[in-house]
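Colleague: Structure for this input, please:
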Amino acid sequence: MILDQYKSDNLLFNSNFYDPTSQPGLSSYRGDLVVIDGGLDDKGHPNPPEEVLRGAVILAGEKVEMLIGSLDRIDQMSDLFGRFGKDIAPGAPLMLFVVNASERARFDFEGSTVAIIPLVQGVCWNEAIDELALEKSDFKGQAPADKVYTLYQEMKSYSAKGAVKSLDELLAATTNEVREAWGAV
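Modeller: Coordinates of the predicted model:
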């Protein structure tokens, strides 16, 4: 399965969980996904990643069936799809929350519609649930991996808002917004 490969390649970072769903052949992952690794330091230890898809929510089998996450900048989409595009199933629902996106838009990636949603701060999981108008009761009694599958079932019929735009149009319409830092000073 593709998530097993990501795990062995150290692409799963700050993992919340990675578990099989009750659906045969499908697993769920929540955490960050390394887009560009940080290389190794002079002692051979891995440096922190240079780019990540934050708060990634992934449902996958042999291919990625659903992908949700947050990028700091629109231009990181090229890196994301350059690294993982070959692994995405045709027609897979994709939702990206992008800090410097100026407006909602739709982007076509090889037959999959990518919902682009501006978001400076927030948790992708919570934002996706709100976007899909799901309630706590929709997940009642489910294991975390099956909650991702429930989200996927809703994503399959989701109609993203916003005009269809090319990557060039998305890049031309960015803001100066940056992710707000949290934690101790």
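Colleague: okay, stretch 125-145 in PDB with CA atoms only?
Modeller: Coordinates of the C-alpha atoms in stretch 125-145 are reproduced here as PDB (Å, rounded to 0.1, in the frame of the first residue of the first chain):
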ATOM      1  CA  TRP A 125      -9.700  18.100   9.800                       C
ATOM      2  CA  ASN A 126     -12.100  20.500  11.500                       C
ATOM      3  CA  GLU A 127     -12.200  22.900   8.500                       C
ATOM      4  CA  ALA A 128     -13.000  20.000   6.200                       C
ATOM      5  CA  ILE A 129     -15.700  18.700   8.400                       C
ATOM      6  CA  ASP A 130     -17.200  22.200   8.500                       C
ATOM      7  CA  GLU A 131     -16.900  22.600   4.700                       C
ATOM      8  CA  LEU A 132     -18.700  19.300   4.200                       C
ATOM      9  CA  ALA A 133     -21.400  20.200   6.800                       C
ATOM     10  CA  LEU A 134     -20.700  17.000   8.800                       C
ATOM     11  CA  GLU A 135     -21.800  16.700  12.400                       C
ATOM     12  CA  LYS A 136     -20.200  14.900  15.400                       C
ATOM     13  CA  SER A 137     -23.000  12.400  15.200                       C
ATOM     14  CA  ASP A 138     -21.900  11.400  11.700                       C
ATOM     15  CA  PHE A 139     -18.700   9.900  13.300                       C
ATOM     16  CA  LYS A 140     -20.300   8.500  16.500                       C
ATOM     17  CA  GLY A 141     -18.700   5.200  17.600                       C
ATOM     18  CA  GLN A 142     -16.200   5.100  14.700                       C
ATOM     19  CA  ALA A 143     -12.500   4.400  15.100                       C
ATOM     20  CA  PRO A 144     -10.300   7.300  13.900                       C
ATOM     21  CA  ALA A 145      -9.400   5.500  10.600                       C
END
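Colleague: got the CA positions of the helix or strand bottoming out on mean pLDDT in the chain in PDB?
Modeller: Ranked by mean pLDDT, DSSP states H and E, the helix or strand of the chain with the weakest confidence is helix 167-172, at a mean of 88. The C-alpha trace of helix 167-172 is given here as PDB (Å, rounded to 0.1, in the frame of the first residue of the first chain):
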ATOM      1  CA  LEU A 167      -1.800  27.400 -11.700                       C
ATOM      2  CA  ASP A 168      -0.600  30.600 -13.300                       C
ATOM      3  CA  GLU A 169      -3.900  32.300 -12.400                       C
ATOM      4  CA  LEU A 170      -3.700  31.000  -8.800                       C
ATOM      5  CA  LEU A 171      -0.100  32.200  -8.500                       C
ATOM      6  CA  ALA A 172      -1.100  35.700  -9.800                       C
END
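Colleague: residues near residue 66, how many?
Modeller: Using other CB atoms under 10 Å, residue 66 has 25 neighbouring residues. Glycine gets a C-beta too; all of them are placed from N, C-alpha and C.
Colleague: Which strand residues bridge it?
Modeller: residue 59 (DSSP bridges).
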